[in-house]
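In: All I have is the shape, not the residue letters:
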């Protein structure tokens, strides 16, 4: 029983009083700051709003621990899709095609253009 009360007081189990929490523990301001730092355009507005709503749902829940268990993975997925996590940024880099080295034909064309005084 003592453990249950301790978990309820920590807002991990339903039934604990949410009370006041330290602003540093809130997700919504952190998500907003992250999204602002990314400088995303209008194309990502829906995903940005969804991330904000997930964060607000977690922050405003009577049981933040249960809300985090339910919505945390969903929030993380949205943030990854926006490139707001290390895994998301790595995925975006992998999706960006690297500039291919010039082919042998391209090199020959450049050499020919330089020899004959043309610019390419």
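Out: Structure received. Computed from a prediction, not measured in an experiment: that's the story for all the values here. Residues are numbered from 1 along each chain as shown.
In: Tell me where the model's unsure across this structure.
Out: By pLDDT under 70, the low-scoring segments of the chain are 1-20, 93-98, 118-120.
In: Which helix in it has the most residues?
Out: helix 64-82 (DSSP state H).
In: tell me which residues in it are buried?
Out: Residues of helix 64-82 classed as buried: 64-65, 67-68, 71, 75-82 (neighbour count, 16 or more other C-beta atoms under 10 Å). For the C-beta atoms, the positions are set from N, CA and C on the backbone; glycine is no exception.
In: Present those residues as a markdown table; the columns should include distance to residue 22.
Out: A markdown table is the format used below for the buried residues of helix 64-82 (distance: C-beta to C-beta, whole Å):
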| residue | distance to residue 22 |
| --- | --- |
| 64 | 12 |
| 65 | 15 |
| 67 | 17 |
| 68 | 15 |
| 71 | 20 |
| 75 | 19 |
| 76 | 22 |
| 77 | 26 |
| 78 | 24 |
| 79 | 22 |
| 80 | 26 |
| 81 | 29 |
| 82 | 26 |
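In: which one of those is nearest residue 37?
Out: Within the set of the buried residues of helix 64-82, residue 82 lies nearest residue 37; the separation is 11.0 Å, counting by C-beta to C-beta.
In: leaving aside the residues next to it on the chain, what's closest to that closest one?
Out: residue 47 (5.6 Å; C-beta to C-beta, 6 or more residues apart in numbering).
In: do residue 85 as well
Out: For residue 85, the closest residue by C-beta to C-beta, 6+ apart turns out to be residue 79, at 5.3 Å.
In: Tell me if I'm right that the one you found and residue 51 touch.
Out: Yes: taking C-beta atoms under 8 Å as the contact criterion, residue 79 and residue 51 are neighbours in contact, 5.9 Å apart.
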